[in-house]
Structures are given as C-alpha cells and as structure tokens.
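[1] Have a look; sequence and predicted model below, questions after that.
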Amino acid sequence: MFQNRAEALALALPAAVFAALVFLLPVVVLLSEGFRIDGSWTLSAYTGFFSESLNRTVFLRTFRLGLEVTAVSAVIGYAAAFAIVNLPPKGKGRVIGLVTLPLMISPVARTYAWIVILGRTGIVNQAIQGLGLSDGPLRLLFTETAVFIGLLQLFLPLMILSLISALENMPKDAIPAARVLGANWFQVFWKVILPVTREGLVVGGTLVFTGSLTAYITPAVLGGSKVLMLETLLYQQVSVANNFVSASVIAFMLIVMSFAANILLKRLATARNKR
Amino acid sequence: MKNALIASAALLALSPLAAKAEEKTLTISVYAFAQDDFKTIVYDPFEAKCGCKLVVETGNSVERLAKMEANKASPVIDMAVVSMADALSASRKDLIDKIDTSKLSNFGKLYDLAKDPNGDGMSVGYTFYATSIAYRSDKMKIESWADLLKPEYVGHVAFPNVTTNQGPPALFMLGQALGSDHPDLKAPIEALGEKKDEIVTFYEKSSQLVQLMQQEEIWAAPIGRFSWAGFTKLDVPVAWATPKEGQTGGMNVMVVTKGSQNRDLALQFMDFWLSTEIQTKLAEKLVDSPANKEVKLSEEAANNLTYGEETAKSLKLIPSAAALDNRAAWLKEWNEKVGQ
C-alpha cells in the first residue's frame, strides 16, 4: 500500500507519540515508583508488601477467587453455549440477546441489585427459609460467597459468548460420529468438543480471569473491607493511606497476573493443537 | 491578505480570554459532598458579591492534601477545608499559613471550640459534628458504646472502618467504655477483632448504611450526625444514642495555603461562609452544622444537626496530635487484628 516503510511509519508517528506520552510514560513512571526508594533501585517495596500477612491473604484470595470464577464460568458456559448453539436460528438470536443484555447495564447497578437479593430479607434467604433449609436468615452479604456470585454474574456472559462462537465452528456431525464410534459423553467432551473449542475457552478464560482480578465495584460493594481484594486494597492504599509505593506494587502485580494468565492459556491451547 | 485574516481571527479568539484574565480567581478545595447546595448558598452569591471567579476542586481530604503537597512550590489552591487532624498535618508540612482573624468579622460569633481547634492559629472551624450510634429502637437499647459488642447485638452491627473519619472516634469511645482511654486504641481494636466474624461489615461509605438499615441487614452503626437525616426517613424506628460515655465527633476547618496569591480574597470568602446568614442557610438545608453560635435553627433542622453550645461542649474529640501520631499504628493494629 505504501511506497516505503518510512511513509507508513510517519503516518503512525502522531498516534504512537500520543499513546507513548499520555499512556505508556505515565504507566512506566507509576510502576517504577515501586522499584525506586529514595532514588535507588530496589525490590524492598515488594518484599515489604509480602512480609505483611494481610497483603499475602489479599493476594492469595484475589488469585483464588479469579481461578474459581473462571473455572465455574467455564463449566456453566459450556453447558449454556451448547444448549444455545443447538437452538433454532430465531430462538438462538433471542437467547444470545438475553445473554448480552446484562453487559449493557452498568456494573454498579447490577452489583447493587445483589445487595437486595443477597440480604437477610432478600429473595435468596426467603427461599432458603421457605424450603426449611435454615431456621434464620443466613449471612450472605459481605462474604467471599457474595463476591464470587457477583463476579460470576458479571463475567459469565463473556465466557458464554466466546464459547458460542467456538462451538458454532464445530462440524455438526462430529458429536454423533463420536457417539456412534462408542465414545461416552465424557470422552465426547474431552476428545472432540474441548480440542475444537479451546480457542474460545482461552479467549473467554482470559477475559473472565483478568476481569475478576481487576474488578473494583463488585468486591467493594459486596465484600467491603471484610473481603479485601487487590483492587480494593489498592484503592485503600491510594485514597486513605496515600501510599503510592504500595499501590504501585499492587498495580504491577495485577498487570503481571493478567499477562501471565493470557500467555499461559495461549500456551495451553497451542500445546494441545500441536499434538 | 491571508495572513491578516489569520491574525484577526486569532485576536478575536483571544479577546474573551484576555477579559477573563483580568477577573480575579479564587481556587478552593472542598469535600465533594452537597456541592449543589454549596453552589446556590455559598459559591454563586459570593461570586456575585466579590465580582470574582470561584474555581472549586473536590475530593477526599487525603487526595486534596496530596495535591497541595505536590504543588507546594507554586500553590494552585488558595484555601481549603479539611479535617482538624489534616490541618495539623498540613501545618507540620508547612503547607498552610497563620490566619489573620482580625480580618474575619464573624470570628467572634464562633463557638469557642471552633476558634482555634488545634491551638496553633492555623485553622478556623466552620462546622463540627457529633458521632454516636444510630440504632433500631424497637430491637435494642444502646446505653453504652460497649453495648455494640453484646452477643445479642453484635451480629447486627456495622462498624466504621479505621480508615474512615468515623472509625477512630468510634474506637476511641469504645475504648472509653472498655475502660481504656489510651490513644493507641489497642484495647478497642482487639475487642473488635475478637468479634470481627460476627460484625456485619466494617463500612467505608456511610451512604450504604441507610439501605442496610432499611433491609434489616443491620440494627446499629456508629455514624456522624451529618448522615443522620437519611435514617429519619426510613419506615423503621431509628434512634440516636446518647451513650453514658458521651458522644464523639469531629470538626472540619478552613485553612489558607502558604504562598497563596489571593490571601485577602480567601479571607473574604471564609468570612462570608462563617456569617450568620450563610451558616443558617447551610444548616437549614441540613448540609453542615453551624459553628456560628448566633445561628438560630428551626426545630426540624436542629433535630437533624449537631447544634447548640451544650452539645458542642459535650463532644469528646480525639486531639489532632494524638490522631496524627497514631494513625499508622492504628492501621497496622487494625490490619493485624480486624482486617484479615
């Protein structure tokens, strides 16, 4: 298209300079705060961060909840996507519309709705008591369970949509063929469905995992300070403790974890592809 | 020709800017709360009176103090309102100046505790508030701060996080109820830590408490009087406790930035804000309790605010120096005993 590379580069230059100045540079400056104490380069902010047991707890909790949300959304996502793909075209469009609908509503509104639903007098507790499963209302709000439910509802649509597009590319007769050849349902999933949909799983998994790590509103509203996550801890460090070094450490870890999750999932996908 | 056109266009574009630059500008830094009311009651009338332009920056006090510190060499903000302890912190960092109270015509009308809260002449109180316990009067009876930890109540309590403005004062009073008035707050934090699993939440935003009270998630929470109005509108009975250890609270103060180019204008603005007329209007809108003792309030406003000399005298405030010197230790203690 271009006569030479220089022309192409010249055209890209303004955008590149803009992005470098207003995005990359501030990010690098902010992140380098965590490695510079009193003008010299050091890792002491990181060792200091992990020497506090609260920080270790929060780090592990964030990581674990991210994994749990990703795993559960994959299981539910496969079932839902499989059901949706097999619907007649008209019904399929409508159901996909319903799946995407929550994505168009602000996460703040969605999260506040959970306060009502999960409250002592909310519909969940009424159902539990109505079924005789518990004498009094259970405490659901401000627990890890509440944060888990909130995050799952927030990010499940992304997993379902990724898996729908993956499943649609699968040949329609692959499953009957496998069944005829004597595979049970577990083998059908493991040897037929999973290999052809792993790209979708990688995309969905990355979106859900990184989304869960970096979500702020949901853990802040449904967990509060009793269920601190890295994001809520980061907010606390910046706006309450005015500790930008610690905040920079947390931000760096979140970025690393997001990239690591993406690279790892991609590796897994290509490793299986080669076999 | 083309050049002349460009030049005249540029001149035209610049002329409104030139007119603006002549107008005096006062930059203030305030809490983000109730800005609509402040605009109609304080900012707009003051702009009309002084013929100057008011630039309002908002945020919580930590953010705004950090900004003042970053701009220390060439201050952007002329005056700020902060908490008592933050005013002392700003004074220790050499960010603010002594206030020439002879230029404040309304200074003599202030309650004594508002005149010089930190005793260093660097701040003037413009509002103070009581902190006590809002509770469901049909479910419980609160006579002491320690009642919050009673086994039959503790599962229905939201306690302010130590990182909020209400946290340390509430802990301070809980400590008094438990027989310790040491400013390290170790005893109350430990007592709270033992019950942390039962306490509903350690809240960070008082705005969420009204909803929690409405849906019976909580029965009691220590709150600042300024968030009381929301509870009075609920269809469940909520009462304001007067515990035997007394009420605590806090005071917000005005400070003048060191090196401000608009010192006189800042003082004029402060004087305007402290006047009986403005303090009355803000109080009747339930925005801020008055620090001006000449303010006479309607019964409704008085019931919802921290009002009157008696109340002002009965408040047990944490001294700013004790708060400032212990903040880090409180947070550490809290994170060890309660935060995980």
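    Nice, thanks for sending it over.
[2] Can you pull the residues of the stretch 151-275 of chain A lying near chain B?
    With C-beta under 8 Å from any C-beta of the partner chain as the criterion, the stretch 151-275 of chain A comes near chain B at residues A:220-221, A:224-226, A:228, A:236, A:239-242. (Each C-beta comes from the backbone N, C-alpha and C, glycine too.)
[3] Now, those residues that are in helices?
    Mapping these onto helices (DSSP state H) picks out A:236, A:239.
[4] So for the residue found closest to B:D235 once you drop the neighbours it is linked to in the chain, what's the pLDDT?
    Nearest non-adjacent residue to B:D235, counting by C-beta to C-beta, 6 or more residues apart in numbering or on different chains: B:Q214, 7.9 Å away. B:Q214 is assigned 91 on the pLDDT scale.
[5] same question, B:T248
    93.
[6] quick one: it and B:L317 touch, right?
    Yes. Using C-beta atoms under 8 Å, B:T248 is in contact with B:L317, at 6.6 Å.
[7] list residues touching both of those two?
    Overlap of the contact sets of B:T248 and B:L317 (by C-beta atoms under 8 Å, 6 or more residues apart in numbering or on different chains) consists of B:P169.
[8] What's the first helix or strand after the helix or strand of chain B with the lowest mean pLDDT?
    Least confident helix or strand, chain B: helix B:2-22 with a mean of 47, by mean pLDDT, DSSP states H and E. Per DSSP states H and E, helix B:2-22 leads on to strand B:25-30 as the next helix or strand towards the C-terminus.
[9] how about the helices in the stretch 1-150 of chain A?
    Taking DSSP state H, counting those that start in this stretch as the criterion, the stretch 1-150 of chain A carries its helices at A:5-19, A:25-32, A:44-51, A:53-85, A:89-100, A:107-118, A:123-130, A:144-168.
[10] what angle sits between the first one and helix A:25-32?
    Put plainly, it is helix A:5-19. Angle, helix A:5-19 to helix A:25-32, by axes from the mean of the first three to the mean of the last three C-alpha atoms, to 10 degrees: 60 degrees.
[11] Can I get helix A:5-19 in CSV, CA atoms only?
    Provided in CSV are the C-alpha atoms of helix A:5-19 (Å, rounded to 0.1, in the frame of the first residue of the first chain):
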residue,chain,number,x,y,z
ARG,A,5,8.2,1.9,5.2
ALA,A,6,9.2,5.4,6.1
GLU,A,7,5.9,6.8,4.8
ALA,A,8,3.9,4.2,6.8
LEU,A,9,5.9,5.0,10.0
ALA,A,10,5.5,8.7,9.5
LEU,A,11,1.7,8.2,9.4
ALA,A,12,1.8,6.1,12.5
LEU,A,13,4.0,8.5,14.4
PRO,A,14,1.5,11.0,15.7
ALA,A,15,-0.7,8.3,17.2
ALA,A,16,2.4,6.5,18.6
VAL,A,17,3.8,9.7,20.2
PHE,A,18,0.4,10.5,21.7
ALA,A,19,0.0,7.0,23.1
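[12] Tell me how far it lies from the chain's centre.
    Here the centre of helix A:5-19 is set off from its chain's centre by 33 Å, with C-alpha atoms, centre = their mean, to the nearest Å.
[13] What of the second one?
    Using C-alpha atoms, centre = their mean, we find the averaged C-alpha position of helix A:25-32 to lie 24 Å away from the chain's own average C-alpha position.
[14] which helices and strands sit right next to it?
    Helix A:25-32 sits against helix A:244-274, with contacts defined as 3 or more C-beta pairs under 8 Å, 6 or more residues apart in numbering or on different chains; DSSP states H and E.
[15] pull the helix or strand with minimum mean pLDDT from chain A.
    Using mean pLDDT, DSSP H and E as the measure, no helix or strand in chain A falls below strand A:36-37, which has a mean of 80.
[16] now what about that one, what contacts it?
    With C-beta under 8 Å, 6+ apart, strand A:36-37 has contacts from A:42, A:44-45, A:245.
[17] Apply 6 Å and report the result again.
    A:S44 (C-beta atoms under 6 Å, 6 or more residues apart in numbering or on different chains).
[18] same question, stretch B:37-53
    Contacts of stretch B:37-53 (C-beta under 6 Å, 6+ apart): B:23-26, B:54, B:269, B:272-273, B:278, B:281-282, B:285, B:287.
[19] quick revisit: wait, the residue nearest to B:D235 sits on B:L234?
    Yes. Assessed by C-beta atoms under 6 Å, B:Q214 is found in contact with B:L234 at 5.5 Å.
[20] Between the two, which has more neighbouring residues?
    Ranked by neighbour count (other C-beta atoms under 10 Å in any protein chain shown), B:Q214 and B:L234 place B:Q214 first, with 19 against 14.
[21] Show me how the record splits chain B into domains.
    With domains defined by automatic domain parsing, chain B comprises B:2-127+B:251-309, B:129-249+B:319-337.
[22] Near chain B, which residues of the stretch 1-150 of chain A? Just list them.
    Residues of the stretch 1-150 of chain A lying close to chain B (C-beta under 6 Å from any C-beta of the partner chain) are A:54, A:57, A:119-121, A:142.
[23] what about 10 Å?
    With C-beta under 10 Å from any C-beta of the partner chain as the criterion, the stretch 1-150 of chain A meets chain B at residues A:52-58, A:61, A:112, A:115-116, A:118-122, A:136-137, A:139-143.
[24] In ChimeraX, how would I select just the buried ones from those?
    Paste this into ChimeraX to select the buried members of the residues of the stretch 1-150 of chain A next to chain B, with burial taken from 16 or more other C-beta atoms under 10 Å in any protein chain shown:
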select /A:52,54,55,58,61,112,115,118,119,120,122,137,139,140,141,142,143
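[25] mind showing which ranges of the chain have poor pLDDT?
    Unless you meant another one, I'm taking chain A. Applying pLDDT under 70 to chain A flags residues A:1-3, A:271-275.
[26] oops, I was thinking of chain B
    For chain B (pLDDT under 70), the answer is B:1-22.
[27] so where do the helices sit in the stretch 101-250 of chain B?
    Listed in chain order, the helices of the stretch 101-250 of chain B (DSSP H, counting those that start in this stretch) span B:112-115, B:151-154, B:167-177, B:186-194, B:209-214, B:229-232.
[28] Need the winner for burial among these.
    Of all the helices of the stretch 101-250 of chain B, helix B:167-177 has the most neighbours on average by mean count of other C-beta atoms under 10 Å in any protein chain shown, namely a mean of 25.
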